[in-house]
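Novice: Could you look at this predicted model? Sequence included:
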Amino acid sequence: MKDVKINVHDITRVEGHGNIVLDVQAGEIKELKLEISESPRFYEAFLLGRKWYEAAHITCRICGICSIGHTSASLQAMENALGVEISEQTLLLRKLAFAGETLQSHYLHAFYLVAPDLLGVPSVLPLVKTHPDVVKMALRLKRLANDICCTVAGRHIHPCAMKVKAFPKVPKAEDLLALKQRLLDSVPDLHSTVDLLKTLQLPAFEREMEFVALHHPDEYALYRGAVIRSTVNGDTPIPDYKQQVREKVVPHSHAKHVSSATGPYMVGALARFNINYDQLRPESKEVAEALGLQPVCYNPYMNTIAQVVECVECTLDGVEFIDRLVDMGLHDEDMTVEVKAGRGVGASDVPRGTLFHEYAVDDEGTIVDCNLIIPTGQNLNNIEHDMHALVPQIMDKTEEEIALHLEMLVRAYDPCISCATHLLKVEFV
Amino acid sequence: MKPRVAMFAFTCCEGCGLAVIECENELLDVLNLIDLVEWREGLSEKAEEYDIALVEGSISTHADEKKIKEIREKAKVLVAIGACATTGGLNALKNRYGMHEVKQMVYGKAGEQFDTIPARPLRAVVPVDLELHGCPIDRTEFLRVVRDVALGKTPKLPDYPLCVECKKKENVCVFFRGMTCMGPVVRAGCGAICPTFGDGCEGCRGLVSNPNENAHKETLAEHGLTVTEVLQHFDMFNSYTEDHLA
Amino acid sequence: MALQVIGCEAVTQLLEKLMAEGRVVAPHQREGNKQWVFEDVKDPCDVCLDYTSTILPPKKYAFPPKEKLLHYELADRPKMEAVIEAEPLVIFGAHPCDIYGLNALDKALCDQKVDPNWVARRAQIRIVGVDCEPDEYCFCGSMGTASVSTGYDLFLTPLNGDYVVEVATPAGEAMMEGIPAREASAEEIAAVKKRLETKLRQERKINCDVNSLPLHFSGFEKSPVWAEVAEKCYSCGTCNLTCPTCFCFDVLDEMDLSLHSGNREREWDGCMLEEFAQVGSGENFREEREDRLKHRFFRKYSYLFTKYGEPYCCGCGRCVRQCLVHIDPVDTINRLLAHSGKEA
Amino acid sequence: MAQACQCEADRELYVPKLAVLDKVVPQTELETLFQLRFEDGAPLGHQPGQFVQVCLPGIGEAPISIASAPCEEPHFELCVRKVGNVTRALHNLAEGAYVGIRGPFGRGFPDDQLKGNDVLVVAGGIGLVPVRPLIHHILCNRPDYGNFTILYGMKRPEEMLFRDEIAEWESSNAVDLQLTIDRPHPDWSGHVGVVTTLFPSLELDAPRTRAVIVGPPIMYQFVILECRNKGIADEHIILSLERHMKCGVGKCGHCQINGKYVCQDGPVFNYHELKQLWEAI
Ligand SMILES: Cc1cc2nc3c(=O)[nH]c(=O)nc-3n(C[C@H](O)[C@H](O)[C@H](O)COP(=O)(O)OP(=O)(O)OC[C@H]3O[C@@H](n4cnc5c(N)ncnc54)[C@H](O)[C@@H]3O)c2cc1C
Ligand code: SF4
Ligand code: SF4
Ligand code: SF4
């Protein structure tokens, strides 16, 4: 019976600072945890006392990778609090920006963070020499994803043009049509990506678990959902999210751990795929099949494959949204908002999973209460459970291999640690 | 020899590091000019030695403080990138409260376990050679700086108000659309991206060295803001002051 | 040349004809209250000839906000060559003040050393002027710029839904070829004159004869009015950048990332900006806002006026229209005059 | 067409001409003398007091006074202080390198007014550079001028430029050279005190004297005062001014001093002209 001691300090190729600690003595796990060492930021404290119109611009700064995601959940929450309705045009533009961000985040994860593991190199840099075509393709795809965000919202990181009620600057039809063409032209690149992935081997590991994602009757839920759906606990109305998402503080983490009524659960691309498979386009389903992914899949490493499937979905979504926008004719919209007291919850299924924002404002539009629940926070507990199931299966490997498997597992979840480090609920008296 | 560049992140959203790699069209050219030797978010390589450190994030814990000093010792050139690192950014909003109060507010009783000190820009802790402003930094400006450094030039960053860039783009001033903007007192360099997309500037690049704050307070009041709102316009990205060191 | 009259449809026809020949730019409305910009015409219906003032003057086509002067290739022996990018262009719908601005820049930029980029662009620009109605910011009446006698090929004056057309050059004549027009009647010609008289009766005016401005300014050097006005000023340069008669620039080298080749470019600058007069030793010759504000006024109403015989202000009112703290040349000059007891 | 201006433009107005760096002679820690010549052997054709725009493609341009006299053609010299990008990059060049030159520009020293008269040169620090061609010119044509005096002040002895030449001037009868440093220094046995402290002992024939002053902005007011006290007429006090400058040809607006452009109306002015210009000194 062997001893294993692993301490991966500052896991690389993840967003934010985290450590993996494993201590096995005589074959028995004494300690195994994912430590979150990111400096806490206290976003809830930033928000209190600020104006309704600042919420989205403040909270988008929680995360550079999914700032359009935060903006989306924040705007929905604030619009619900103030009773603001948005137009079809605004909805489509937001969904288009959201698709752009989902694409860029998934490409970043697949090509920069995961591919090096599968190709046996420490990062994307050596690939510039060994696989120049793959690197150029990755850059091309990511640039397109970012250009979608830039055209619609000004920039991808911390979007300017996404505001409560409407877009202050509506993109020009000609610019959208140029993007549509590029989206169509990117389909061959997507197929090459799929071909590349087919040649690579992901670890085989399964653990039966609960999946949670937003669900919408009319669409594959990303920007918005109608309910929260769990494979174990059924549907929960979005305003009642706290029934599904239950938090507790754990000492080794600046992020609070989350469980459902029945235990840990997973959110993210794989959860969405498992729950909303039926609503995927045929083209996306084909890719899933080609890559050996079918619902319900219990291998968290397959999250990356689910992301690639979503890339196909978002690419085709983008084309559809642009067609609809151009057909409708783009026009400037009124931005005036009547401010009144209220409370509202907003939810989006961002690249890493379900994100909730909740605000209460007073009748001057000042934020008096807020709560933010971030996907990675929900996943942390599940990752630890996975690690506990995985370690006994790979105990015969070397310490380096065990460490790599654990790191790859963490990476598969595509965690966003800076997001996760301030998701604790605030109780205001 | 190409300069060895390492990127580090402190308290922040890591968006500036991301902005660097969002230079997709230019990334291969940039990699011809520099050797990227460490970047936790995207690479597993670690470097013991480097010439230039690009550092994002504010210093907001004792651990941060220790680490930035180590980086300063190793780096020949220390570049602060992004609002968190140059002005304290949004993080400094927490400095409005006592640190104990803040922990209570967000984490309740469990908060005491956390190491947190008032958020500071890098220059409040170590000498900084160059500051690249913005939340996030501007890609074009970043590329220009990389190029200038490679040429041995001292990059010239603007110290005039944003309105200059906004007017060159012929944007409709957002004040004429019933909105408000920090442009007249905020440093240019982002191409006035927010007003270009119809939103007022929030001041993420910090104030110019000689802002006419009084004039701007009057302008904001003239456009219907209350005193609190006026102050909030100023402090969103610029609430760090030397007093926070106390 | 005899005046002609064309209808609205003929204006559309004229635009279509010019568009078929090449690039045409004209005023278009922008989001927000009373905001227009000169833009490429894609559809004649989008053109707005009834406007008060565009954000930037049409100067931007002859002297772009940023333009290349030089291209170079680095090598042991570097190669450098002039870059002069000019193309045929019609500016459609320029107001008299903006035409005055272009004419004024012709003088300054061709004085002694002739600016090659300016001249090349100007040679390819044809101008269709259109008469305007002053708004609360214009003061062309005071500046003598309510009408111009040169600097356009065609000039349109709106009259009861039609336009009276003055053909000023052979190029203008060619433009009008095939456009249905009739000769203007005596009443119509009288109405055009009358229109100008109304324009000249603007309420907003400078309280002295424009030609005596340089003389008056020689007494304003120490006026306390400068400090009072400058106190509100942001030094944001908006007034410089939107001005049809400003032409200061900065020069920068923009090297490609390959570090093999690049361009030397010039970019609009503004004397209101703090670093404008700073030199290598760190000395700033106009460190105070007041100094810079004073310099802007003196340059427009005294230095260049004296040098070229006409004011370097066309009375378009853009600087005050766009200035968030409402620093107004008319009000400032009137205060200077009042303070020195020189009001006419 | 519509425009009023029908003039012939010089396509090459902003295009520098290539010159070869023949010799690099370090002067002090910050200043270096560069000897250049046009590739095609053409003379620069300048007057003492004029300047050129020095261009390094990719880095930028900087206005630099011509430090040599016309009689040294086809070579010409520039003495440059390292303060920023262009000046630093110049210092990194090796002999044989190419440098772009535009010019000469501006109005030089009014030789017709100096000829036949006594000349007093007052230079502070790097201000010796623009007057050096004049000094060389006078020394080459010594009989054309009356008494010739040079007062040269610097902060510290290490800052002295053109040491060999200064030694020559010191030992020559052609010129009365007086040196001073601002504050006492162990390596200095000469006069100590700012340059104005040399004035009391000066014996001048005021009506015959033409004073040429070049130095840092702060020096001007005090030296002008001394000259006037000595009875030198305002028109006979001649100065060279420095301003931020981009184009060198009267367009960019940066070098304006009230109604004058330093690049065209200057850099050399007489005090009578400058008195009217409150921005000048
Ligand atoms: C007529 C004239 C003659 C001169 N003669 C000499 C000389 O003989 N020897 C010498 O060493 N220096 C001379 N100078 C000063 C020299 O031009 C500046 O030191 C030089 O332009 C700085 O350029 P840089 O690229 O090295 O610095 P930069 O990197 O551009 O900037 C450093 C500082 O210089 C200022 N600056 C930038 N461009 C100019 C400019 N064109 N003019 C003035 N300041 C500027 C900037 O505002 C900044 O503060 C002269 C200047 C003038 C106007
Ligand atoms: S929108 Fe803002 S930056 Fe632009 S001109 Fe107006 S105040 Fe200035
Ligand atoms: S416009 Fe203002 S808030 Fe927006 S990026 Fe620029 S400096 Fe930052
Ligand atoms: S006068 Fe107005 S527009 Fe001009 S710099 Fe001052 S504040 Fe800006």
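Specialist: That came through, no problem. Ligands and ions are numbered 1, 2, ... in the order given.
Novice: C-alpha from now on. contacts and neighbour counts both.
Specialist: Noted.
Novice: is residue D:152 in a bridge, and if so with what?
Specialist: On DSSP bridges, the residues paired with residue D:152 through beta bridges are residue D:123, residue D:179.
Novice: Tell me how far stretch C:57-65 lies from the chain's centre.
Specialist: Centroid displacement of stretch C:57-65 relative to its chain, using CA atoms, centre = their mean, to the nearest Å, is 8 Å.
Novice: Buried residues of that stretch, list them for me.
Specialist: Within stretch C:57-65, the residues scored as buried using 16 or more other CA atoms under 10 Å in any protein chain shown are C:57, C:58, C:59, C:61, C:62, C:63, C:65.
Novice: just checking, what packs against the helix-or-strand element of chain B with minimal mean pLDDT?
Specialist: Every helix and strand of chain B was ranked by mean pLDDT, DSSP states H and E. The lowest is helix B:99-107, at a mean of 71. Other helices and strands packing on helix B:99-107, by 3 or more CA pairs under 8 Å, 6 or more residues apart in numbering or on different chains; DSSP states H and E, are helix A:43-47.
Novice: ok, the closest residue to chain A within the stretch 101-250 of chain D - contacts?
Specialist: For the stretch 101-250 of chain D, the nearest residue to chain A under the criterion CA to the nearest CA is residue D:246, separated by 33.9 Å. The contact partners of residue D:246, by CA atoms under 8 Å, 6 or more residues apart in numbering or on different chains, come to C:249, C:250, C:251, D:61, D:62, D:63, D:252, D:254.
Novice: sec struct for the third one, please.
Specialist: The assignment at residue C:251 comes out as strand when based on DSSP: H, G, I helix; E, B strand; the rest coil.
Novice: which ones are touching it?
Specialist: Residues near residue C:251 by CA under 8 Å, 6+ apart: C:264, C:265, C:266, C:267, D:246, D:247.
Novice: Can you flag which of those residues belong to strands?
Specialist: Counted as lying in strands by DSSP state E, out of these, are C:264, C:265, C:266, C:267.
Novice: hmm, back to that, any idea of the pLDDT on the residue of the stretch 101-250 of chain D closest to chain A?
Specialist: For residue D:246, the model assigns a pLDDT of 91.
Novice: Check the one 3 residues further on too.
Specialist: Per-residue pLDDT puts residue D:249 at 92.
Novice: What's the separation between the residue of the stretch 201-350 of chain A found nearest ligand 4 and residue D:28?
Specialist: When scored by CA to the nearest ligand atom, the stretch 201-350 of chain A has residue A:335 as its residue closest to ligand 4, at 27.0 Å. Distance check for residue A:335 against residue D:28: by CA to CA, to the nearest Å, it reads 64 Å.
Novice: Report the secondary structure state of residue C:27.
Specialist: strand.
Novice: before we move on, which element is the residue nearest to it when sequence neighbours are not counted in?
Specialist: Nearest in space to residue C:27, with sequence neighbours left out and distances taken as CA to CA, 6 or more residues apart in numbering or on different chains, is residue C:38 at 4.2 Å. Under the criterion DSSP states H and E, the helix or strand holding residue C:38 is strand C:36-40.
Novice: for that strand, packing partners?
Specialist: Packing contacts for strand C:36-40, counted by 3+ CA pairs under 8 Å, 6+ apart, involve strand C:23-29.
Novice: got the CA positions of the strand it packs on in PDB?
Specialist: What follows is the C-alpha trace of strand C:23-29 in PDB, where atoms were taken according to Å, rounded to 0.1, in the frame of the first residue of the first chain:
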ATOM      1  CA  ARG C  23     -17.400  58.900 -54.300                       C
ATOM      2  CA  VAL C  24     -19.900  61.400 -52.900                       C
ATOM      3  CA  VAL C  25     -20.200  62.500 -49.300                       C
ATOM      4  CA  ALA C  26     -23.000  64.500 -47.800                       C
ATOM      5  CA  PRO C  27     -24.600  65.200 -44.400                       C
ATOM      6  CA  HIS C  28     -26.500  62.400 -42.700                       C
ATOM      7  CA  GLN C  29     -28.500  62.600 -39.500                       C
END
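Novice: Which residue does the stretch 101-250 of chain C have closest to ligand 2?
Specialist: Taking CA to the nearest ligand atom, ligand 2 has its nearest neighbour within the stretch 101-250 of chain C at residue C:238, 7.2 Å off.
Novice: er, the stretch 51-200 of chain C I mean
Specialist: Ranked by CA to the nearest ligand atom, the top residue of the stretch 51-200 of chain C for proximity to ligand 2 is residue C:55, at 10.3 Å.
Novice: mind listing the strands for chain B?
Specialist: Counting by DSSP E, chain B forms strands over residues B:4-9, B:35-39, B:52-56, B:77-81, B:130-132, given from the N-terminal end onward.
Novice: Where among those strands is average confidence lowest?
Specialist: Least confidently modelled of these is strand B:35-39, at a mean of 89 by mean pLDDT.
Novice: Partner strands of that strand and their direction?
Specialist: strand B:4-9 (parallel).
Novice: isn't residue C:278 right up against residue C:288?
Specialist: No - when contacts are counted by CA atoms under 8 Å, residue C:278 is not listed as touching residue C:288 (11.8 Å).
Novice: which of those two has more neighbours?
Specialist: Applying other CA atoms under 10 Å in any protein chain shown to residue C:278 and residue C:288 shows that residue C:278 carries more neighbours, namely 18 against 15.
Novice: ok, so what distance separates the nearest residue to the more buried one once chain neighbours are set aside from ligand 3?
Specialist: Nearest non-adjacent residue to residue C:278, counting by CA to CA, 6+ apart: residue C:284, 4.0 Å away. Here residue C:284 is placed at a distance of 26 Å from ligand 3 (CA to the nearest ligand atom, to the nearest Å).
Novice: before we move on, what about residue A:20?
Specialist: When CA to the nearest ligand atom is the yardstick, residue A:20 and ligand 3 sit 36 Å from each other.
Novice: need the contact list for that residue.
Specialist: If you count contacts by CA under 8 Å, 6+ apart, then residue A:20 has A:6, A:7, A:8, A:9, A:11, A:32, A:33, A:34, A:35, A:406, A:407 around it.
Novice: Could you list which of the residues you listed belong to strands?
Specialist: A:6, A:7, A:8, A:32, A:33, A:34, A:35.
Novice: Let me see the domain layout of chain B.
Specialist: Following automatic domain parsing, one gets these domains for chain B: B:4-150, B:162-245.
Novice: Same check on chain A?
Specialist: With automatic domain parsing serving as the domain definition, the record reports that chain A contains domains spanning A:4-36, A:43-420.
Novice: Run through the bridge partners of the nearest residue to residue D:98 once chain neighbours are set aside.
Specialist: Counting by CA to CA, 6+ apart, residue D:20 is the residue found nearest to residue D:98 once chain neighbours are left out, at 4.7 Å. In this structure, residue D:20 has beta-bridge partners residue D:37, residue D:98, where bridges are defined by DSSP bridges.
Novice: now residue D:20: how far from residue C:76?
Specialist: 11 Å.
Novice: sorry, back to before: switch the contacts of residue C:251 over to a markdown table; also include distance to ligand 3.
Specialist: Formatted as a markdown table, these follow (distance: CA to the nearest ligand atom, whole Å):
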| residue | distance to ligand 3 |
| --- | --- |
| C:264 | 26 |
| C:265 | 23 |
| C:266 | 23 |
| C:267 | 20 |
| D:246 | 28 |
| D:247 | 30 |
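Novice: PyMOL command to pick out the buried ones of those residues?
Specialist: Buried members of those, identified by 16+ other CA under 10 Å, are gathered into one PyMOL selection as follows:
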select buried, (chain C and resi 264+265+266+267) or (chain D and resi 246+247)
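Novice: which one among the contacts of residue C:251 gets closest to residue C:101?
Specialist: Distance to residue C:101, by CA to CA, is smallest for residue C:267 among the contacts of residue C:251, at 18.5 Å.
Novice: who's in contact with the closest one?
Specialist: With contact taken as CA under 8 Å, 6+ apart, residue C:267 is in contact with C:64, C:65, C:66, C:67, C:249, C:250, C:251, C:252.
Novice: and the residue in chain A positioned nearest to ligand 1, what does it touch?
Specialist: Shortest chain A-to-ligand 1 distance, computed as CA to the nearest ligand atom: residue-wise this is residue A:155, at 31.4 Å. Shown here is residue A:155, whose contacts under the criterion CA under 8 Å, 6+ apart are A:146, A:147, A:149.
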